[in-house]
Structure formats: structure tokens, C-alpha cells
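Colleague: Show me how the following folds:
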Amino acid sequence: MRLSKLLTDRLSPRAMMRRWAIARTGRTVQAGPFRGMQYIDQAFGSAYLPKVLGTYERELYPALEQVFDGDYDTLIDIGVAEGYFAVGMASRTRARVVGYECDASASAMALELAKLNNVGDRLEMRGECTPAELDTLIASSRRPFLLCDVDGYETTLLDPKQVASLARCAMLVELHEFARPGVTAEFLRRFEPTHEIEVLWQTPRTAADFPYEGFWTRVLPSRYRRHMVDELRPFEQAWMWMTPRAAQASAAA
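Modeller: Just a heads-up that it's a prediction; the model follows:
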């Protein structure tokens, strides 16, 4: 029965279309801020195909471009997984990139991805990120940026009472309202005094987001194309893009 299910899964139209789409990408990111990044053959805890198609978390791309155009000297990625953002940031800037990832297998994947893209010497991987260590790292940076996706731990980690240096750090934080109800309101309360805040909401993916035409797109309904770009999130996702008011005041002076 298990073999039968395996064969059914591999030979289903959806599975075959997925393999065709991955082959079309050549495992190279096709669009977005990390276009041209070579990719490994799997993702850690997230959808793979949207990453190589370049549509993964595209809501963040305008904010990331602001970071790449800015004079940031330290880019911190907490919750690296296999390294889509950490390696992408190292590829786009000359800033110091520090990544935190507790899972050893994910960390190994991120280092593999960094080596594949010739930035292995520029990605500094660490394990658990504690408030004390984060405070020290941000405080030692001239202009820091922090990207955070930690499945609800953000309410503990990103506390300005414990990490005072957050007041001068630009942050792009994935909020996990389903895991920590009220986190959005709590972060607005915490950071409105020190940051300009924009809430970024997940936008729907459609069949039009799938970039290829071929046999499978001709014979299968459009919902299959939409599924190829679906990030498979169980809840509507939101992020906070926060830039420190003090930095803006200094730039205007």
C-alpha cells in the first residue's frame, strides 16, 4: 500500500508538473531580489518551488530593496532555515551577515547554499539567539538590520526592555498571530515610540504568477498553476517593517 501511494504521489499530474517546473528553473531563482541565486534541492519547513520561482514572501521585496540601497553594515537573520534570505542578502551586499538557526540540519543546508553561491566566507552562522546576545550584536553595529521568523518566539526575543539596542535597529519581523494571539497589537505598542511601522499583509497568489507555458499548463486547469506558487500557509500572514525614527532624524539633519 505504501509503494502504491508513493507511485500515485509521484505520478500525479501535480507532482509531474512540479518536477517540470523545477527543471525549467534549473534550480536557479528566477525573479525577485535574489534572482540568479543557485539553489539546493530542498527547503526546510517551507514551500520549495516559490523560492526558485522567486515569488516566495514577495511582500517583503520592496522593504528588502530599501535595505540593499541603504548603508547597513550588519544584516541579522534570525530563523535562517536553509538560507533563502541569509544567503540572498550576502549575495546582494557587502555587509556583515549573521544568521541564527537552532536546527543543525537546516544550518548545514544554509552553509551548503552559501558555498554554492560563493558567499560561504561571508555568512556567519550561529545557533540559538538570546536577548542578551542580540543586544550585544546590535549595539556593536553602526547601522543594523534584523530579519526575524521564529514561529512565535519573537514576543520573547524582540523585547526592548531586554534588548535596548532594538531602538536603533531596522526590523522586518514575521508575526505569528496564530501562535501568539495579540502579537501584532503588542508589537505596535512596543515599537511605535521608536520606529516608523508598516504592516505588510500577505497577498493572494494566482495562476498568473506562474511564469511558464507548456504541456502541463495547456492540459491542466489553472488551479494547478496557482498551486505551484502557493506557499501553503494555514493562516493569513503579516509582517512588520520597522525603521528607527532616530535614524531618519539623523539623515534629515
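Colleague: if I pick the spatially most central residue of the chain, what's in contact with it?
Modeller: Computing the C-alpha centroid of the chain and ranking residues by C-alpha atoms, centre = their mean puts residue 85 first, at 5.0 Å. Taking C-beta atoms under 8 Å, 6 or more residues apart in numbering, we find residue 85 in contact with 77, 147. (C-beta placed from N, C-alpha, C; glycine too.)
Colleague: Quick check: it is in a strand.
Modeller: No: counting by DSSP: H, G, I helix; E, B strand; the rest coil, residue 85 is located in no strand; its state is helix.
Colleague: Can you show me the helices along the protein?
Modeller: Secondary structure of the chain (DSSP state H): helices at 2-11, 13-25, 49-53, 61-69, 84-92, 104-116, 131-139, 154-157, 183-191, 215-219, 222-228, 245-252.
Colleague: and residue 200, which of the ones you listed is closest to it?
Modeller: helix 61-69 (7.2 Å; C-beta to C-beta).
Colleague: I'd like the helices of the chain laid out as TSV, including mean pLDDT.
Modeller: As requested, the helices of the chain are exported to TSV (pLDDT from 0 to 100):
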stretch	mean pLDDT
helix 2-11	58
helix 13-25	91
helix 49-53	96
helix 61-69	96
helix 84-92	97
helix 104-116	97
helix 131-139	95
helix 154-157	91
helix 183-191	92
helix 215-219	83
helix 222-228	90
helix 245-252	58
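Colleague: Return the most buried member of the ones you listed.
Modeller: Ranked by mean neighbour count, the helices of the chain are led by helix 84-92 with a mean of 25 (mean count of other C-beta atoms under 10 Å).
Colleague: where's the residue nearest to the centre of the chain relative to residue 11, distance?
Modeller: Distance, residue 85 to residue 11, by C-beta to C-beta, to the nearest Å: 34 Å.
Colleague: How about residue 212?
Modeller: 21 Å.
Colleague: before we move on, what about residue 75?
Modeller: Distance, residue 75 to residue 11, using C-beta to C-beta: 43 Å.
Colleague: cool, residue 169 as well?
Modeller: 49 Å.
Colleague: what do you get for residue 53?
Modeller: As defined by C-beta to C-beta, residue 53 lies at a distance of 23 Å from residue 11.
Colleague: now do residue 18
Modeller: For residue 18, the distance to residue 11 - C-beta to C-beta - is 12 Å.
Colleague: Endpoints of stretch 163-171, how far apart?
Modeller: Using C-alpha to C-alpha, to the nearest Å, the end-to-end distance of stretch 163-171 comes out at 13 Å.
Colleague: residues of that stretch that come out buried?
Modeller: For stretch 163-171, burial by neighbour count (16 or more other C-beta atoms under 10 Å) applies to 163, 165-166, 168-171.
Colleague: could you give the mean pLDDT of it?
Modeller: Mean per-residue pLDDT for stretch 163-171: 96.
Colleague: Count the neighbours of residue 182 for me.
Modeller: 10 (other C-beta atoms under 10 Å).
Colleague: That should have said residue 37, apologies.
Modeller: Residues near residue 37, counting by other C-beta under 10 Å, number 25.
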